[in-house]
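Asks: could you look at this predicted model? Sequence included:
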Amino acid sequence: MQMSQKGKEVAGDAANVAQNVTEKAKQTVQGAWGTMKDTTQKIKDSVMNKAGESKECVKENADAVKRSLNSKKSDLS
């Protein structure tokens, strides 16, 4: 009978260890997921910022070309 009790204790201990390992794994995955989401948001923000800067630069260069062409047309007239 005592052997049966010891088996139950060992099984209970094993279940507790398994539950602790599962909880720690869950926390690790949640932490990794949060970090990944934050990193993705930072990349998105950076790309959007660079795209906005590039768009503005292209617009400024197009305006400069347009002014230059208009200036040359005036000179030819």
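Replies: Noted; the coordinates are in hand.
Asks: so what pLDDT did the residue nearest in space to the middle of the chain get?
Replies: Nearest to the centroid of the C-alpha atoms of the chain, with distances taken as Cα atoms, centre = their mean, sits residue 40, at 1.5 Å. What the model reports for residue 40 is a pLDDT of 95.
Asks: what's the spacing between it and residue 46?
Replies: 11 Å (Cβ to Cβ, to the nearest Å). C-betas here are computed from N, CA, C, even on glycine.
Asks: quick check: which element contains residue 52?
Replies: Per DSSP states H and E, residue 52 falls inside helix 2-76.
Asks: how near is residue 75 to residue 6?
Replies: As defined by Cβ to Cβ, residue 75 lies at a distance of 103 Å from residue 6.
Asks: so which of those two has more stuff around it?
Replies: For residue 75 and residue 6, the more surrounded residue by other Cβ atoms under 10 Å is residue 6, and the numbers stand at 10 against 7.
Asks: low-confidence ranges, this protein, go.
Replies: 1-3, 76-77 (pLDDT under 70).
Asks: centre of the chain versus the helix holding residue 52, how much separation?
Replies: Computed by Cα atoms, centre = their mean, to the nearest Å, the chain-centroid distance of helix 2-76 equals 0 Å.
Asks: likewise for stretch 69-77?
Replies: 50 Å.
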